[in-house]
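# Fold the following for me, if possible:
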Amino acid sequence: MEVRKQRLAHLECLAEKLTSNGFTAELASEISKPCLKVANASTPTLNERVLCERADNGSWSYWWPWQQPIGSVEDLELVINRIAIVLRSVEGDG
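Alright, predicted model coming up:
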């Protein structure tokens with residue numbers, strides 16, 4: 001499977017898991033390097049892009065756009081937890 005198709009498949013899988021966990025996740029597939037636009041459903045202003053990259057050894061991981069890894073495509077629970085931490089709403093902020 002070509003790299004672009006693999007990337008899209010991993011992003012689509014994450015999008016499904018995120019939406020079932022209370023996030024909105026929109027796949028931006030029309031751009032040269034597809035990504036997910038993820039938002040906290042209850043606070044949509046809390047949003048970020050999630051990328052998916054293949055390492056030299058062939059493994060795939062999700063990444064923040066600021067070049068920090070989120071986690072392996074093999075550990076979606078960890079990835080979703082890390083995304084939730086970044087996009088969490090802090091009560092009392094006003």
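# could you measure I31 against L8, distance?
Applying Cβ to Cβ, to the nearest Å, the value for I31 to L8 is 11 Å. For every residue, glycine as well, the C-beta is placed using N, CA and C.
# Between these two, tell me which one has more neighbours.
Higher neighbour count among I31 and L8: L8, with 16 against 7, using other Cβ atoms under 10 Å.
# can you tell me which residues contact the more buried one?
L27, S29, P34 (Cβ atoms under 8 Å, 6 or more residues apart in numbering).
# how does it look with 6 Å?
Counting by Cβ atoms under 6 Å, 6 or more residues apart in numbering, L8 makes contact with S29, P34.
# Return the per-residue confidence for it.
If you check L8, the pLDDT there is 97.
# Quick check: next helix or strand after the helix or strand hosting it?
Assigned by DSSP states H and E, L8 belongs to helix 3-19. The helix or strand immediately downstream of helix 3-19 is strand 23-28, counting by DSSP H and E.
# how about the strands in this protein?
23-28, 35-40, 43-54, 60-63, 69-72 (DSSP state E).
# neighbouring strands for the last one, and are they parallel or not?
The strands that strand 69-72 pairs with in its sheet are strand 60-63 (antiparallel) (by DSSP bridges).
# which residues are in contact with the partner strand?
Outside strand 60-63, the residues that reach it (Cβ under 6 Å, 6+ apart) are H10, V50, L51, C52, E53, R54, P69, I70, G71, S72, V73, V79.
# can you check stretch 19-30 too?
The contact list for stretch 19-30 (Cβ under 6 Å, 6+ apart) reads L8, L11, A15, L18, C35, L36, K37, V38, A39, A41, I80.
# Report the lowest-confidence entry in these.
A41 (92).
# so where's this structure shaky on pLDDT?
For the chain, the stretches with pLDDT under 70 are 1, 90-94.
# Quick one: distance of stretch 12-24 to the chain centre.
From the chain centre to the centre of stretch 12-24 is a distance of 9 Å (Cα atoms, centre = their mean, to the nearest Å).
# Next: stretch 42-53.
7 Å.
# next one: stretch 56-69
Between the centre of stretch 56-69 and the centre of its host chain there is 11 Å, according to Cα atoms, centre = their mean.
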